[in-house]
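> Need coordinates for the below:
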Amino acid sequence: MKKTLATQLDSINEYEREPVPESKLKGLKSFVGMYAGEHTAGTEFVIGPLFVVHGVSASDLFLGLLVGNILAVLSWAFLCAPIAVKARLTLYYQLEKICGRYLVSGYNIVNALMFCFLAGSMIAVAATAVGIPFNIAMPGLDDMYPNSIGWVVTVMFVGTVITAVAILGYEQISKFANVCAPWMILVFVAAAFAVMPQLGITSLESFWEVAQTTIWNGVPVAGFSKFTFWHVTFFAWFANMAMHIGMGDLSILRYARKWQYGFASAAGMFIGHVMAWIASGILVAAASGEVTPGPIAYSSAGIAGAFCVMIAGWTTANPTIYRAGLAIQSIVPSVKRWKVTMVVGLVTTIAALFPALVMRLLDFVALYGLVLMPMGTIIFIDFYVLPKIGLRSNYASVVKSSFNLAAGITWIATLVLCLFLNYYQGIDIFFLGLPGWFIAAALYIGLSKVYQQKLVEKQEMKIPANSL
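Next up, the predicted model:
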């Protein structure tokens with residue numbers, strides 16, 4: 001039986017080192033469901049409340065969410081999706097062709113660890129809901145370590161289920177999300193409406209009054225910095241910077257029939273982020289200070305609310321672990337993806353045991369996007385700009401190099417400059433993605449001119465500039 005199962009898993013082909021064939025391309029519905037499922041996450045019950053404690057005013061929140069999420073959708077549609085459908089390669093193989101195997105191996109380790117920690121926070125959130133019917137003592141989100149055997153067992157169970165779905169590949173992840181997404185959305189909305197009377201909300205006019213005075217009153221909790229419209233806008237835009245500007249979703253959108261399917265991300269942004277962050281803020285206001293996701297949902301929508309948190313964590317962690325598995329598998333291509341994903345799932349589950357990971361989610365998401373953003377910039381410049389100025393795309397592949405020095409310096413130097421701006425100039429980490437992109441673009445163009453000069457001078461290769 002074990003051999004049969006292993007043989008079946010070995011037969012799952014995710015086209016890790018070749019373009020996705022025409023016969024395996026997916027329609028729009030697949031991506032709408034995947035984005036709605038992935039971004040309607042259990043962690044929305046963490047992010048929404050954090051806006052409240054940082055003292056965002058109601059007007060700043062609503063306007064910032066609108067502007068920021070529009071920019072995020074446009075980033076998916078015009079930056080990531082066109083490259084994904086033209087090349088149809090995973091992020092990791094695309095980078096290997098540009099940067100060389102050694103540099104990409106280092107990047108992939110960092111990338112995979114970031115994905116593991118992100119998915120770990122999803123597992124932890126789901127576990128807060130799974131533990132409710134068993135009366136398991138759950139740690140607070142500000143606790144550093146697990147507080148009971150029950151918590152450990154619950155997290156291990158949830159992590160095992162999520163990893164099993166991720167092992168089955170993108171098709172099964174997409175099916176799972178398409179089934180779950182519509183139901184989760186309804187529960188989020190119903191839970192928020194259910195608690196509105198407790199807050200004195202009986203009409204649209206009273207909603208806005210309560211929103212301004214009770215929920216998002218513009219006063220930060222002691223010990224938390226004040227957030228403005230710009231904080232909300234840039235966080236909404238860059239919360240998934242690693243996926244769109246950082247090109248992480250090349251691995252997902254390579255299955256799209258058309259680049260316009262990048263607009264399917266709107267299902268995740270305006271349902272998952274806008275709706276869920278607003279709903280979770282309302283639920284926290286009605287929960288009298290309770291901030292643990294499972295109990296918040298349970299107090300407002302009963303068992304359906306708790307079940308929604310659990311499934312929301314699963315639908316987000318599934319594609320995240322899948323991406324992490326692809327990242328590591330690209331380092332050891334001789335090992336089957338499902339085996340690598342299984343190990344990645346174990347690491348992710350261990351990370352989920354530590355609830356402090358969830359409480360620091362805002363800062364982690366911003367740092368995570370910033371770390372991976374320069375490589376996305378390199379892909380964009382390599383794909384569109386270098387051929388137009390007489391330089392080679394996919395330079396490492398062309399010259400059989402294992403380390404593209406121009407790309408390596410660009411990645412490290414961009415991060416160093418951004419962290420300098422953060423630590424020494426006091427620029428909030430949420431704002432650094434935009435200047436960081438232009439820094440990385442300028443560095444990569446300039447360094448590529450110098451680095452590729454030896455190829456131009458020797459004229460040893462007669463390969464078209466846009467060689468893929």
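
> got any ranges where this structure has weak pLDDT?
1-14, 16, 41-43, 140-142, 169-178, 180-181, 288-292, 357-362, 454-468 (pLDDT under 70).

> center of it - which residue?
residue 240 (4.9 Å; C-alpha atoms, centre = their mean).

> name the element that one belongs to?
Assigned by DSSP states H and E, residue 240 falls within no helix or strand.

> what about it, distance to residue 124?
Look at residue 240 and residue 124: by C-beta to C-beta, to the nearest Å, they are 19 Å apart. Backbone N, C-alpha and C define where each C-beta goes, glycine included.

> about what we covered before: which helix or strand contains the closest residue to the residue nearest to the centre of the chain other than its chain neighbours?
Using C-beta to C-beta, 6 or more residues apart in numbering and skipping the chain neighbours, the partner closest in space to residue 240 is residue 72 (6.2 Å). Following DSSP H and E, one finds residue 72 within helix 58-75.

> Run the chain-centre distance for that helix.
Averaging C-alpha positions (C-alpha atoms, centre = their mean, to the nearest Å) puts helix 58-75 17 Å from its chain's average.

> For it, output the C-alpha coordinates as CSV.
Extracted C-alpha coordinates of helix 58-75, given in CSV (Å, rounded to 0.1, in the frame of the first residue of the first chain):
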residue,chain,number,x,y,z
ALA,A,58,-12.7,55.1,10.4
SER,A,59,-12.2,57.4,7.4
ASP,A,60,-8.5,56.6,7.2
LEU,A,61,-9.3,52.9,7.3
PHE,A,62,-12.0,52.8,4.6
LEU,A,63,-10.2,55.1,2.2
GLY,A,64,-6.8,53.5,2.8
LEU,A,65,-8.2,50.0,2.2
LEU,A,66,-9.8,51.1,-1.0
VAL,A,67,-6.7,52.8,-2.5
GLY,A,68,-4.2,50.2,-1.2
ASN,A,69,-6.1,47.2,-2.5
ILE,A,70,-6.7,48.7,-5.9
LEU,A,71,-2.9,49.2,-6.2
ALA,A,72,-2.4,45.6,-5.1
VAL,A,73,-4.7,44.2,-7.8
LEU,A,74,-3.0,46.4,-10.4
SER,A,75,0.4,45.0,-9.3
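
> Contacts for that helix next, please.
51, 56, 208, 211-212, 215-218, 227-240, 244-245, 262-263, 265-266, 269-270, 273-274, 277-278, 281 (C-beta atoms under 8 Å, 6 or more residues apart in numbering).

> Which of the residues you listed fall in helices?
Judged by DSSP state H, helices contain the following of those: 51, 208, 229-238, 265-266, 277-278, 281.

> Among the residues you listed, name the buried ones.
51, 229, 231-238, 265-266, 277-278, 281 (16 or more other C-beta atoms under 10 Å).
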